[in-house]
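[1] Have a look at this fold, sequence not included:
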């Protein structure tokens, strides 16, 4: 079974925009963000409102950068981590653009990129925005504990990224940053039930998708300048490398993880690294896209990973399934 | 795709080999210091009340100490300090009565945006509720046993 | 000197109890609701078998400030109630004795929550 869709060379990412939270703005990628928030509530009534506002401003910023009006865009594909994805749904209330809401936890951005590329490649649409957002305070409250509860973070925990990012997908034949293929993930469950150990939950899903992608495309891991997973963190990335070795795959120097890239582990007290729907998104839209358009990177395999748990499923003793989508992005 | 039980066990065993170790000594020392200091503050408040009101009964002093500790915690939680004490002290900040108070105030503040009645009040006991249910039930059980012996 | 010794005992016993809690957290990864529950029920049990009184005489706030003290209060009230007025006392005694903690937590918690808001974390 082939799980990969191919887009030739006509789906280009022509513009990106990013908004980073204050902590992300102190991280190693600070000079790449378009805008860094001074605080994480930005004058709103609640952190949820702040997340919605962040999402909305990010889309507006993208339209400004690309000199487009709302009417020029055919559709927005997006999602976030809030219940019933209210982050995106409510942000889109302020705009006159058709919208498809998505949820694959932290892998949502990969899902959006693949769906957007399919729409453009098949000529149903000509301009598509893909977007996700996440917020530390809203995710912490939804999946873990109240912010003011005195509890210790376990050594395995990760820090949910606060931010929003969008990419503009356009039909274009000339040389540029192109989405060339996408491998749709399967839901993978290896029986991990520790909600703090996201790396161990998601590493098998990432491996499953990467292996399928390479076999579908007939490439080996050295084809890419960089294979970058979404938010496995330090522990999860190491685990993925070990699992990959067993499959005969060598994820060495050309492998990294967005959860590692976004924070400075020594100085920022983030446990295993960053996580959240916006972790892979921010790293891609702010940093990787610039590297690709400058030509520092030519071919990357971008693999956002997501853990598909809810508070209810955890309390009912379910193990945690995960998903990863792989998107090949090349300068061609 | 789902692993069967045997394979899953193998995988779990493998990831456990590589887990970062909990820093036992460090967390224990911190819990000891934090818990010890909180208990001393309680003792200090009790001694102060006794010095000011020498005629007050022992039980009443205890009640006031509890309330003062709860008030102190509620304020520290409200200004966003208690979670930092918790991050440092671990169980040292959970086991004392202050941990109980923190577990009431923190979800209440968090849910205030959903309204006073269904947000704040309804969620006050989302963490501390079991403590009250089990505590009162256990006390009734003990009382009934004492009725018959 | 006497006072210094008292505080030393309070510090050592109170800290020691919390340290036991930390060991439980480290080994079992239980969250705070369950930790509170364990120590509360321990307090109820110790009072029910008549040991807590001696512990309190020795360590004072070192055992009453941990949530065990709250549990012991509940049990002590129920036992006294049972002795004074039978079944009715057994049922009402616990909450009566723990009223200070319960009412304090609910009322103070309510008022403080009304005037504060969650803070940004980094």
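    Perfect, I can see it now. Here the structure is a predicted model, which is why all the values come from computation and not from measurement.
[2] who are the neighbours in contact with residue A:288?
    By Cβ atoms under 8 Å, 6 or more residues apart in numbering or on different chains, the contact set of residue A:288 is A:226, A:228, A:297, A:300, A:302, A:329. Placement of C-beta: from N, CA and C, glycine included.
[3] and which of the residues you listed is nearest chain C?
    Distance to chain C across these (Cβ to the nearest Cβ) is lowest for residue A:228, with 25.1 Å.
[4] In terms of helices and strands, where is the residue of chain A positioned farthest from its centre?
    Of all residues in chain A, residue A:150 has its C-alpha farthest from the mean position, at 29.8 Å, by Cα atoms, centre = their mean. Using DSSP states H and E, residue A:150 is not contained in any helix or strand.
[5] residues near residue A:57, how many?
    Residue A:57 has 17 neighbouring residues, counting by other Cβ atoms under 10 Å in any protein chain shown.
[6] Quick one: residues contacting it.
    Contacts for residue A:57 (Cβ under 8 Å, 6+ apart) come out as A:19, A:35, A:164.
[7] In CSV: these, plus pLDDT, secondary structure and neighbour count.
    Below are the contacts of residue A:57 laid out as CSV (pLDDT from 0 to 100; DSSP: H, G, I helix; E, B strand; the rest coil; neighbours: other Cβ atoms under 10 Å in any protein chain shown):
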residue, pLDDT, secondary structure, neighbour count
A:19, 96, strand, 28
A:35, 96, strand, 15
A:164, 96, strand, 37
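[8] Would you check that residue A:212 makes contact with residue A:183?
    Yes. Counting by Cβ atoms under 8 Å, residue A:183 is a contact partner of residue A:212 at 5.6 Å.
[9] can you list the weak-confidence ranges in chain C?
    Scanning chain C for pLDDT under 70 picks out C:1, C:122.
[10] That one: strands as residue ranges?
    Taking DSSP state E as the criterion, chain C carries no strands.
[11] From the centroid of it, which residue is nearest?
    With distances taken as Cα atoms, centre = their mean, residue C:67 lies nearest the centre of chain C, 2.4 Å away.
[12] ok, that one touching residue B:131?
    Yes. Counting by Cβ under 8 Å, residue C:67 touches residue B:131, with 7.3 Å between them.
[13] Mutual contacts of these two, please.
    With Cβ under 8 Å, 6+ apart as the test, residue C:67 and residue B:131 both reach B:100, C:36, C:40.
[14] can you count the residues close to the closest residue to the last one other than its chain neighbours?
    It refers to residue C:40. Nearest non-adjacent residue to residue C:40, counting by Cβ to Cβ, 6 or more residues apart in numbering or on different chains: residue C:71, 4.2 Å away. Using other Cβ under 10 Å, residue C:71 has 31 neighbouring residues.
[15] residue contacts, residue C:71?
    Contacts of residue C:71 (Cβ under 8 Å, 6+ apart): B:135, B:138, C:39, C:40, C:41, C:42, C:43, C:44, C:45, C:46, C:47.
[16] Buried ones among these?
    Among these, those scoring as buried are B:135, B:138, C:39, C:40, C:41, C:42, C:43, C:44, C:45, C:46, C:47 (criterion: 16 or more other Cβ atoms under 10 Å in any protein chain shown).
[17] Tell me which stretches of the stretch 101-250 of chain A form strands.
    Applying DSSP state E, counting those that start in this stretch to the stretch 101-250 of chain A gives strands spanning A:127-134, A:159-160, A:163-171, A:177-183, A:226-229.
[18] Is any residue of the longest helix anywhere in chain B near chain A?
    Determined from DSSP state H, the single longest helix within chain B is helix B:24-52. Yes. Helix B:24-52 lies within reach of chain A by Cβ under 8 Å from any Cβ of the partner chain, at residue B:27.
[19] Could you look up the next helix or strand downstream of that helix?
    The element immediately downstream of helix B:24-52 (helix or strand, assigned by DSSP H and E) is helix B:58-78.
[20] can you state the direction angle for that next one and helix B:24-52?
    Orientation check (axes from the mean of the first three to the mean of the last three Cα atoms, to 10 degrees): helix B:58-78 against helix B:24-52 gives 130 degrees.
[21] Buried residues in helix B:58-78, which are they?
    B:61-78.
[22] now stretch C:107-122
    Residues of stretch C:107-122 classed as buried by neighbour count (16+ other Cβ under 10 Å): C:108, C:109, C:110, C:112, C:113, C:116, C:118, C:119, C:120, C:121, C:122.
[23] Roughly how far does the fifth one sit from chain B?
    As defined by Cβ to the nearest Cβ, to the nearest Å, residue C:113 lies at a distance of 4 Å from chain B.
[24] and that residue, what is it in contact with?
    Contact analysis of residue C:113 by Cβ under 8 Å, 6+ apart lists B:78, B:105, B:108, B:109, B:112, B:120, B:124.
[25] Lowest mean pLDDT among the helices and strands of chain A, which one is it?
    Lowest by mean pLDDT, DSSP states H and E among the helices and strands of chain A is helix A:265-268, with a mean of 86.
[26] my bad, should have said chain B
    For chain B, counting by mean pLDDT, DSSP H and E, that's helix B:5-17 with a mean of 85.
[27] Need the contact partners of that one.
    Contacts of helix B:5-17 (Cβ under 8 Å, 6+ apart): A:190, A:191, A:192, A:197, A:200, A:204, A:239, A:319, B:3.
[28] In the residues you listed, find the pair that's most separated.
    Greatest spatial distance among the contacts of helix B:5-17 (Cβ to Cβ): A:239 and A:319, at 16.5 Å.
[29] which of these two has more neighbours?
    A direct count of neighbours by other Cβ under 10 Å for residue A:239 and residue A:319 places residue A:239 higher, at 24 against 18.
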